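> Mind folding the following:
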Amino acid sequence: MLPIDSQKRIWTNSEGQVNTLGGLAGPQTPTLLKDKNKSKVNTLGGLAGPQTPTLLKDKNKSKVKGLKPWALPKPAGKAPMPSQTHPPRFGTDGIRNLCCPDSQLTLGMVLFLSLLVLLIPSQGISGTTTRFAVIGDLPYTPEQADKLTRKGGIADSLSQQGLPFVIHYGDFKKREGCQQPLMQQRREQIYALHKGPVFYTPGDNDWTDCDSSHSGSSQSELESLAWLRSLFFPQPYPIPANWGFRSQGPKLPENGQWLYGDLLFSTLHIVGTKNGRAKIKKDKKRQALLQVDQRDRDNLIWLESAFDRAKKERAKGLVFVIHADLEAVKKAHKGARACSEKVRKKCDPYQLFRSQLMKKAEALGKPTLLIHGDTGPYCLEQYGQGKSLWRLNAAGDVSLTDPPDRAYLVDATIVSFDPEKQRFSAQTLLSQRIPAKGCPKGGK
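Predicted coordinates for the structure are as follows:
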């Protein structure tokens, strides 16, 4: 195994296949399945991220302990974890662990996996319109959860669209707490949105607001983040190898990158609550902020790698999906210095990422779309001073400036890219609404 760039934690083998199992676990050989048409299926991609042990610190000995696969970390002082852990829907390793004590897959299981793989579109056709779905800022309530799962609801309607994948951009609950049964239920509801790949990038409600006074059982946000990663990214499931999926390694398994049709897609972990810099109540503030600083640096590396890869692969456009509204900054902090280890107060938590995104999008000159949630309203606009970058504040969340009938869209958004017109467009799934042209300044 030869490292492409050890700083980026991306590995490749001699045949140029990407292995995201590097880092703390060390590089390993990707597991590949073949279908009857001999198309390779890469079991290293998707929502579940790279298969690496979850790492916890022993408070007494300050040594790192490796947990077995499927083991979920238990937040300190909370109820024991449920006895039944939640493996991903797909993946031969997961099936072995669950069904076959002697580590042997039955013929029936092999045939099942092969059929499942054939149901996932292998790759979009270059030169044709690419369509995909995004959803986020829901479900916040049982009623919204019902709209996801009931007959004729969001999941049912998505299954009729023939889409290759769905991306959830975070906030799958409101600030009522981060109790494990609710988190596990939301995970299953997100998985059930689509029969193929469902990618997920965290929102602030999903971990950094777990210590909020709004919740009935507040807990450490850092422990909540570790547990969230173990819940959503314990093991990979099959994605067609020609999607070229890779993640940013064991420290940021939620940052994904893949190719489909004429587009390169990338998820990045950027959340509200000042990107995790505000309202730190259950953790040592310095420790929490240092982790945010590192995540900011890793996100910039991931952003740069996406533009480099798009150029190398001759992609006709790029799509970035995050949770936070990069414009949701206090007016007093507009134009302020970027938050960093040296600047903690009266700073802009998104300044570095926003400026680099705008700079690189204009330098590449390809249509680039930033998709996010966290604020209202539902809108699409050209972003920055150039002509290449656009942003879509997708359906979901509340805006007090919207009329009552548009204030909250419990819906998914279907995004399309026309390679001939070099243009993105959007429309909600159920209500078929197009986004407003132009977004209010300042977020929420």
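
> Below-threshold pLDDT in this protein: ranges please.
1-123, 175-176, 213-217, 235-238, 331-332, 398-408, 442-444 (pLDDT under 70).

> and with 80 instead?
In the predicted model of the chain, residues 1-127, 175-177, 212-218, 234-238, 330-335, 397-408, 441-444 satisfy pLDDT under 80.

> unless I'm mixing things up, residue 414 is touching residue 162, no?
No: with contact defined as CB atoms under 8 Å, residue 414 and residue 162 do not form a contacting pair (11.1 Å). (Glycine included, C-beta is placed from N, CA and C.)

> So between these two, which is more surrounded?
residue 414 (19 against 8; other CB atoms under 10 Å).

> The more buried one: which element?
Assigned by DSSP states H and E, residue 414 belongs to strand 413-418.

> Tell me the buried residues in the following helix or strand past that strand?
For strand 413-418, the following helix or strand on the C-terminal side (DSSP H and E) is strand 423-428. Across strand 423-428, burial judged by 16 or more other CB atoms under 10 Å covers 424-426, 428.

> Check those residues and tell me the two furthest apart.
With distances taken as CB to CB, the most widely separated pair in those is 424 and 428, at 14.9 Å.

> where does residue 205 land in three-state SS?
Each residue gets one of three states, and residue 205 gets helix by DSSP: H, G, I helix; E, B strand; the rest coil.

> what about it, how many residues close to it?
By the measure other CB under 10 Å, the count of residues near residue 205 is 26.

> next one: residue 385
The burial metric for residue 385, expressed as a neighbour count using other CB under 10 Å, is 8.

> got it, and residue 418?
By other CB under 10 Å, 15 other residues sit near residue 418.

> any idea how far it is from residue 205?
Counting by CB to CB, to the nearest Å, the separation of residue 418 from residue 205 is 34 Å.

> cool, residue 168 as well?
For residue 168, the distance to residue 205 (CB to CB) stands at 12 Å.

> before we move on, what about residue 360?
Note on residue 360: its distance to residue 205, by CB to CB, is 29 Å.

> cool, residue 275 as well?
14 Å.

> Kindly report the same for residue 354.
In terms of CB to CB, residue 354 sits 22 Å off from residue 205.

> Same question for residue 344.
Applying CB to CB, one obtains 24 Å for the distance of residue 344 from residue 205.

> Show me the contact partners of the helix or strand harbouring residue 391.
Taking DSSP H and E as the definition, residue 391 sits inside strand 389-393. The list of residues contacting strand 389-393 from outside it, by CB atoms under 8 Å, 6 or more residues apart in numbering, reads 325-326, 357-358, 361-362, 367-373, 375-383, 413, 415, 424, 426, 435, 439.

> Filter those residues down to just the ones in strands.
If you go by DSSP state E, these have 368-372, 379-382, 413, 415, 424, 426 in strands.

> I'd like to know which of the residues you listed is nearest to residue 219.
When the ones in strands among the contacts of strand 389-393 are compared for distance to residue 219 (CB to CB), residue 372 comes out closest, at 26.2 Å.

> which residue sits closest to that closest one in space, ignoring its chain neighbours?
Once its chain neighbours are removed from consideration, residue 372 has its nearest residue in residue 322; the separation is 5.1 Å (CB to CB, 6 or more residues apart in numbering).

> Hmm, residue 201 and that neighbour touching each other?
Yes: with contacts counted by CB under 8 Å, residue 322 reaches residue 201, the gap being 6.4 Å.

> Pull up the overlap in contacts between those two.
With CB under 8 Å, 6+ apart as the test, residue 322 and residue 201 both reach 169, 267-269.

> how about the helices in this protein?
For the chain, the helices identified by DSSP state H occupy 92-99, 107-119, 142-149, 154-158, 180-191, 221-232, 272-276, 285-313, 351-364, in order along the chain.

> most packed of those?
For the helices of the chain, the largest average neighbour count (mean count of other CB atoms under 10 Å) is found in helix 272-276, namely a mean of 24.

> Tell me the helices and strands packed up against that one.
Identification of packing neighbours for helix 272-276 by 3 or more CB pairs under 8 Å, 6 or more residues apart in numbering; DSSP states H and E yields helix 285-313.

> helices and strands around the helix it packs on, which ones?
helix 221-232, strand 256-260, strand 263-267, helix 272-276, strand 317-321, helix 351-364.

> Show residues contacting the fourth one.
The one in question is helix 272-276. For helix 272-276, the surrounding residues in contact (CB under 8 Å, 6+ apart) are 203-204, 208-209, 221, 279, 288, 291-292, 295-296, 323-325, 328, 339, 349-350, 374.

> nearest to residue 132, of the ones in strands among the contacts of strand 389-393?
The shortest separation between residue 132 and any of the ones in strands among the contacts of strand 389-393 is 5.8 Å, and it belongs to residue 415 (by CB to CB).

> The closest one against residue 369, yeah?
Yes: applying CB under 8 Å, one finds residue 415 in contact with residue 369, separated by 7.4 Å.

> what sits in contact with each of the two?
Both residue 415 and residue 369 are contacted by 319, 392, 424, under the criterion CB under 8 Å, 6+ apart.

> Who are the packing partners of the strand holding residue 414?
Where contact means 3+ CB pairs under 8 Å, 6+ apart, strand 413-418 is packed against strand 130-135, strand 317-321, strand 368-372, strand 423-428.

> do that again at 7 Å, thanks
In terms of contact count using 3 or more CB pairs under 7 Å, 6 or more residues apart in numbering; DSSP states H and E, strand 413-418 is assigned the packing partners strand 130-135, strand 423-428.

> Let me have these in TSV, extended by distance to residue 187.
Output for the helices and strands packed on strand 413-418, formatted as TSV (distance: least, CB to CB, whole Å):
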stretch	distance to residue 187
strand 130-135	14
strand 423-428	24
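
> list the contacts for residue 156?
If you count contacts by CB atoms under 7 Å, 6 or more residues apart in numbering, residue 156 has none.

> gap between it and residue 288?
Taking CB to CB as the measure, residue 156 falls 40 Å from residue 288.

> before we move on, what about residue 318?
Between residue 318 and residue 288 the computed distance is 31 Å (CB to CB).

> Kindly report the same for residue 185.
27 Å.

> With residue 219 instead?
Residue 219 is 13 Å from residue 288, by CB to CB.

> wait, what's in contact with the residue nearest to residue 271 when sequence neighbours are not counted?
Computed as CB to CB, 6+ apart, the closest residue to residue 271 that is not its neighbour in sequence is residue 204, at 4.1 Å. Contacts here follow CB under 7 Å, 6+ apart; on that basis residue 204 touches 171, 271-273, 323.

> I'd like the helices of the chain laid out as TSV, including distance to residue 387.
Formatted as TSV, the entries for the helices of the chain read as follows, by distance: least, CB to CB, whole Å:
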stretch	distance to residue 387
helix 92-99	45
helix 107-119	39
helix 142-149	37
helix 154-158	32
helix 180-191	35
helix 221-232	36
helix 272-276	28
helix 285-313	16
helix 351-364	8
